[in-house]
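A.B. asks: This is the structure alone, sequence omitted:
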């Protein structure tokens with residue numbers, strides 16, 4: 001069969017091959033970025049261990065209180081205490097991740113809904129954003145007893161406390177990103193007859209995705225801190241309570257092990273969200289759109 005010489009068919013075929021190559025190159029770039037993020041996570045853990053050791057040396061921390069990374073490793077792998085310590089830390093970590101995960105989901109979801117509402121109704125933002133900023137200025141430690149009295153010491157109260165610390169970073173960043181959408185893109189949508197909701201869905205939300213993921217990277221470690229705070233003061237369970245109990249009983253091996261785990265969890269959660277961000281932006285981000 002003779003090869004076609006129709007220029008339109010040739011152009012369509014060339015475009016198809018070019019699009020396939022572009023897609024392959026894009027996802028290869030995403031895979032490389034995710035791999036680099038994992039390498040960065042490992043280097044971050046190594047840096048934390050190094051700073052930990054240097055801190056103990058530089059400030060001459062009493063060995064009765066301070067524990068080196070080697071001490072923690074020996075404690076967690078010891079035949080006498082290791083199994084029990086690992087089980088305690090695992091059980092407490094599961095509770096903390098449940099508390100922090102619900103708080104992050106609830107806080108981020110409410111923040112996105114409020115930010116979208118502010119974008120559609122600008123007068124609402126002018127009225128309520130200053131109130132939100134004032135509330136954010138109140139230390140969470142001071143608000144925790146009041147929140148506990150209102151919502152109780154169970155999962156709802158912990159979710160509220162963890163959600164508060166995630167709500168404000170997401171709200172501020174997403175609101176700012178929605179307002180920062182290029183005016184030319186919005187005018188183009190209006191020229192084609194799009195209403196405010198369609199413009200928001202087609203243009204502003206994809207444009208705000210980088211800011212949303214950036215705020216999540218900040219909010220996720222904060223959610224862990226909020227969950228610990230709630231466990232420390234209110235629930236009597238989880239990794240936060242285990243740390244308080246260890247300090248009371250002078251079990252500094254378990255205390256330093258818990259602190260190290262919290263730090264590692266924060267690094268891991270940050271890296272996971274950054275990896276998800278690369279994948280999501282490659283498919284739904286403003287450049288792809």
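C.D. replies: Looks like it came in fine. Values in this document were obtained by computation on a predicted structure and should not be read as measured data.
A.B. asks: State the pLDDT value of the closest residue to residue 215 other than its chain neighbours.
C.D. replies: Among residues not flanking residue 215 along the chain, residue 173 sits closest, at 3.9 Å (Cβ to Cβ, 6 or more residues apart in numbering). All C-beta atoms are positioned from the backbone trio N, CA, C, and that covers glycine. At residue 173, the model reports a pLDDT of 90.
A.B. asks: And residue 173, how close does it get to residue 212?
C.D. replies: As judged by Cβ to Cβ, to the nearest Å, residue 173 and residue 212 stand 7 Å apart.
A.B. asks: Same check on residue 75?
C.D. replies: 40 Å.
A.B. asks: cool, and residue 65?
C.D. replies: 41 Å.
A.B. asks: who's more crowded, those two?
C.D. replies: With neighbours defined as other Cβ atoms under 10 Å, residue 65 and residue 212 compare such that residue 212 has more, 20 against 11.
A.B. asks: Which secondary structure element is home to that one?
C.D. replies: Assigned by DSSP states H and E, residue 212 belongs to helix 205-230.
A.B. asks: Quick check: what element follows that helix along the chain?
C.D. replies: helix 239-248.
A.B. asks: What helices and strands are in contact with whichever helix or strand comes after that following helix?
C.D. replies: Once the chain leaves helix 239-248, the next helix or strand it forms, by DSSP H and E, is helix 252-284. Where contact means 3 or more Cβ pairs under 8 Å, 6 or more residues apart in numbering; DSSP states H and E, helix 252-284 is packed against helix 7-58, helix 69-77, helix 82-120, helix 205-230, helix 239-248.
A.B. asks: list the buried ones in helix 252-284?
C.D. replies: By neighbour count with 16 or more other Cβ atoms under 10 Å, helix 252-284 contains the buried residues 252-263, 265-267, 269-271, 273-275, 277-278, 280-282.
A.B. asks: could you check the angle helix 82-120 makes with it?
C.D. replies: Inter-element angle recorded for helix 252-284 and helix 82-120: 40 degrees (by axes from the mean of the first three to the mean of the last three Cα atoms, to 10 degrees).
A.B. asks: now the angle from helix 252-284 to helix 205-230?
C.D. replies: Going by the same axes, to 10 degrees, helix 252-284 makes 170 degrees with helix 205-230.
A.B. asks: so for stretch 104-113, what's the average pLDDT?
C.D. replies: Mean pLDDT, stretch 104-113: 93.
A.B. asks: in it, what's buried?
C.D. replies: Per 16+ other Cβ under 10 Å, stretch 104-113 contains these buried residues: 104, 106, 107, 108, 110, 111, 112.
A.B. asks: Out of the residues you listed, the closest to residue 223 would be?
C.D. replies: If you rank these by distance to residue 223 using Cβ to Cβ, residue 104 comes first, at 4.0 Å.
A.B. asks: Give me the below-cutoff pLDDT ranges for the stretch 1-150 of the chain.
C.D. replies: 1-27, 29-30 (pLDDT under 70).
A.B. asks: relative orientation of the host helix or strand of residue 130 and helix 82-120 in degrees?
C.D. replies: Taking DSSP H and E as the criterion, residue 130 maps to helix 122-136. For helix 122-136 against helix 82-120, the angle by the same axes, to 10 degrees is 150 degrees.
A.B. asks: Give me the buried positions along the following helix or strand past helix 122-136.
C.D. replies: Sequence-wise, the next helix or strand downstream of helix 122-136 (DSSP H and E) is helix 140-151. Burial within helix 140-151, assessed by neighbour count using 16+ other Cβ under 10 Å, is assigned to 140, 144, 147, 148, 151.
A.B. asks: what do you get for stretch 224-242?
C.D. replies: 224-235, 237-242.
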